[in-house]
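Asker: Structure of the sequence below:
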Amino acid sequence: MKRRSLLTCVTMLMVCGLLVADDEKAPEIPPKKGKSETIKLFNGKDLKGWEGRSDLWSVKEGVIVAKNTDPIAVSTYLLTERKFSDFRLTCQAKLVESEMHSGIAIWGKKFEKDAEKMSYRGHLVMFPSGWGMYDLFRREGLKVDGEPAKKVGKQHDWNDLEILAQGNRVRFVVNGHLVVDWRDPKPEYVEEGPIGLQLHSNTVPQEIHFKDLVLTTFPEDKLMTLKSEK
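Answerer: Predicted structure coming up:
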């Protein structure tokens, strides 16, 4: 009787939509094919090839600087003019001021939210503070564990980052350690889009630096910055 009662309860929960599987099985979408080329996204001198708010984004001493002093109501982005689907992106990033996370947005599009014309709808690979991934203006939090990155990431120093995006799969390497290997269970949300650097909404001053942004289109299936684990 107890077993039957338990099965009845489980069935009722499933019908009511209260019992949900922990993980939705993601299909394995293969990498797209195309011309492979390596591009310096940032020339070290100015923001040619990018679009964003000039009051918040600048270049100083070979570094892209995101900085605000007044509150930001909606997260804003510096976006590449070119769009990408399958790529490897390597860069260095540093949170200088505030404890709010930043991130690199991929597989989406420029999105106007309220009065902010330079926001983004799509996937966000976050660092540091709240490591993990997020789906901006759609599903919100994604089932990606940020704990592995917290163990190897640096809060207020330069982090070496590598994002390998192929098909519906994202791999993220931080300071030589693989911290994310995730496939999107909804591949219809994966689209060609600009790369976006995030300055998060906040009520306090912030400053984030980016440099050495190099992207390879349609790369080989290999993590270039991964250290051998002993």
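Asker: Within the sheet, what are the partner strands of the helix or strand encompassing Ala105, with directions?
Answerer: Take DSSP states H and E as the rule and Ala105 turns out to sit in strand 102-113. Paired strands of strand 102-113, with direction, are strand 116-127 (antiparallel), strand 196-199 (antiparallel) (DSSP bridges).
Asker: next structured bit after the shortest one?
Answerer: The first helix or strand that comes after strand 196-199 along the chain, using DSSP H and E, is strand 206-217.
Asker: try the first one
Answerer: Sequence-wise, the next helix or strand downstream of strand 116-127 (DSSP H and E) is strand 132-136.
Asker: Could you report the distance from the most centrally placed residue in the chain to Val180?
Answerer: The centroid of the chain falls nearest to Val125 when counting by CA atoms, centre = their mean (1.8 Å). Distance, Val125 to Val180, by CB to CB, to the nearest Å: 7 Å. The C-beta positions use only the backbone N, C-alpha and C, and glycine is treated the same way.
Asker: repeat for Tyr134
Answerer: Counting by CB to CB, the gap from Tyr134 to Val180 is 12 Å.
Asker: Quick one: low-confidence residue ranges for this protein.
Answerer: Across the chain, the ranges flagged by pLDDT under 70 are 1-24, 229-230.
Asker: Recalculate using a threshold of 90.
Answerer: 1-25, 111-115, 130, 136-137, 140-143, 228-230 (pLDDT under 90).
Asker: At which residues are the helices of this protein located?
Answerer: 2-16, 147-152 (DSSP state H).
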